[in-house]
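In: coords please:
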Amino acid sequence: MFQAVAILLALYVSWRIVLLLPLRPWLKGVLAALVLAASLHHRIVASFWGTRASPEIPGELIMVLGWAFGAILLAACLLLLLDLASLAVWAVNRPAGRRWLAARTARAAVGAAALALSALGVWQAVRVPDVKTLEVNLKGLPAELDGFRLAQLTDLHASRLLQGGWIRAVVDKTNALEPDLIVITGDMVDGSVTARLADVAPLQDLAAPQGVFAVVGNHEYYANYIQWIAHFKALGLRLLLNEHALITRDDAAFALAGITDATAVQRGQPRPDVRAAMAGIPAGAPVILLSHRPAGAAVNAAAGADLQLSGHTHGGQILGLHKIVQMANEGFVSGVYQVGDMQLYVSNGTGLWAGLPLRIGRPSEITLITLRRAP
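Out: Numbering: from 1, shown residues only. Coordinates of the predicted model:
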């Protein structure tokens, strides 16, 4: 489905921009072929160098391919708006509408704008994220834990794009916040343990007085899940796989629970089970649930979670197109939501998948959450 849509976008851009350029026919043909090749780069790379989830090619080349693919995506969206406007003019004044539909300059400008916006989007995607701070009023939080500080990382996607140096910068920036607790809500890696060994090594230096906890996302299942679980534990991450831990300070406590990802069903691994994760939590203890996906929040709220922390959506990555991602995730894409008696926070993500290294208006983040007693 993804590849079919990409090809259609490439054909549309070629038809409405490349073929209208004042160039020799053979040069138009070459440019149209390059546009089509850029739309197919995921399949081409996966056939020879790695997989769709983990392209094993130089990071610089991933950025160039991401820039080209992003330009196609953005150009197609801008062209659609321009063509719809042209058709509206045509409905009122047919000669003027035909001129709009055939305007070469406007479409060349769309192409140039898409190329520039895509370059900006790639830069935004690979930069070390800023810190986003927020306060959450948590029902039943003991007075002793008022002001408890929790750092959330999510969707790190360690890869040939976001390598060990980038992970190191994220770790150092997170540790500098001096949070009481660090959580990672899935999609930590792309690729095998062997391929990502050096890239994930900085994660062992994450440190907080109450520990570093993590849950898995869908991408953990795309390589060797069992090997990754063992390696995460060796790095000092405490995994919450349909289980919980009590976080205590000064004889006060809250429960930190975590569930697996829905992709587990396709890989023969334990499916998400929020009731198992919360079994045995002392009555009255507030519950913070780690779930990679925001989908299923209503079920988690009904099970008794007070706050759910998620990622997965990357905030939609591109302002405007984030609406599509939102529809695919039960209406959740970025920020704080109220789901029954539970609050849900969906992070924009710290990193992102190398297959679409583009962020425009949906910045990445390291999230610092301060817990407050609910009035």
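
In: what about the helices in the stretch 151-300 of the chain?
Out: For the stretch 151-300 of the chain, the helices defined by DSSP state H, counting those that start in this stretch occupy 164-176, 193-200, 225-234, 274-278, 297-303.

In: what sits up against the helix or strand that the last one is followed by?
Out: Downstream of helix 297-303, the next assigned helix or strand under DSSP states H and E is strand 307-310. Taking C-beta atoms under 8 Å, 6 or more residues apart in numbering as the criterion, the residues outside strand 307-310 that touch it are 136, 138, 152, 154, 183, 185, 286-294, 297, 300-301, 332, 339, 342-347, 369. Heads up, the C-betas are built off the backbone N, CA and C, glycines and all.

In: stretch 130-144 too?
Out: Stretch 130-144 is contacted from outside by 148, 173, 177, 249-254, 284-286, 288, 306-307, 336, 341, 343, 345, 347-348, 363-375, using C-beta under 8 Å, 6+ apart.

In: and the helix-or-strand element of the chain with minimal mean pLDDT, which residues are buried?
Out: Least confident helix or strand, the chain: helix 94-102 with a mean of 86, by mean pLDDT, DSSP states H and E. Using 16 or more other C-beta atoms under 10 Å as the burial criterion, the residues of helix 94-102 that qualify are 97, 100, 101.

In: all strands for the stretch 251-375 of the chain, in order.
Out: 252-258, 287-290, 307-310, 335-339, 342-346, 365-373 (DSSP state E, counting those that start in this stretch).

In: and the residue lying closest to residue 243 once chain neighbours are set aside, what does it touch?
Out: Spatial nearest neighbour of residue 243, chain neighbours left out: residue 277 (5.7 Å); criterion: C-beta to C-beta, 6 or more residues apart in numbering. Listed by C-beta under 8 Å, 6+ apart, the contact set of residue 277 reads 240, 242, 243, 244, 257, 258, 259, 289.

In: hang on, the second one packs against residue 259?
Out: Yes - under the criterion of C-beta atoms under 8 Å, residue 242 lies in contact with residue 259, with a separation of 5.5 Å.

In: and these two? Which one has more around it.
Out: Each of residue 242 and residue 259 has its neighbours counted (other C-beta atoms under 10 Å); residue 259 has more, 32 against 20.

In: give me the distance between residue 104 and residue 177.
Out: 52 Å (C-beta to C-beta, to the nearest Å).

In: have a look at those two and say which one is more surrounded.
Out: residue 177 (15 against 11).

In: what pLDDT does that one get?
Out: Model confidence at residue 177, given as pLDDT, is 98.

In: go on, the one 5 residues further on?
Out: In the prediction, the pLDDT value recorded for residue 182 is 98.

In: quick check: it touching residue 153?
Out: Yes - in this structure, residue 182 is within contact of residue 153 by C-beta under 8 Å, at 7.1 Å.

In: what do these two both touch?
Out: Counting by C-beta under 8 Å, 6+ apart, the contacts common to residue 182 and residue 153 are residue 174.

In: which of these two has more residues huddled nearby?
Out: Between residue 182 and residue 153, counting by other C-beta under 10 Å, residue 153 is the more crowded of the two (29 against 24).

In: tell me how far the more buried one lies from residue 65.
Out: 26 Å.

In: chain neighbours aside, what residue packs nearest to the residue nearest the centre of the chain?
Out: In the chain, the centroid-proximal residue (C-alpha atoms, centre = their mean) is residue 314; its distance is 2.6 Å. Excluding the flanking residues, the one nearest residue 314 by C-beta to C-beta, 6+ apart is residue 349, at 4.3 Å.
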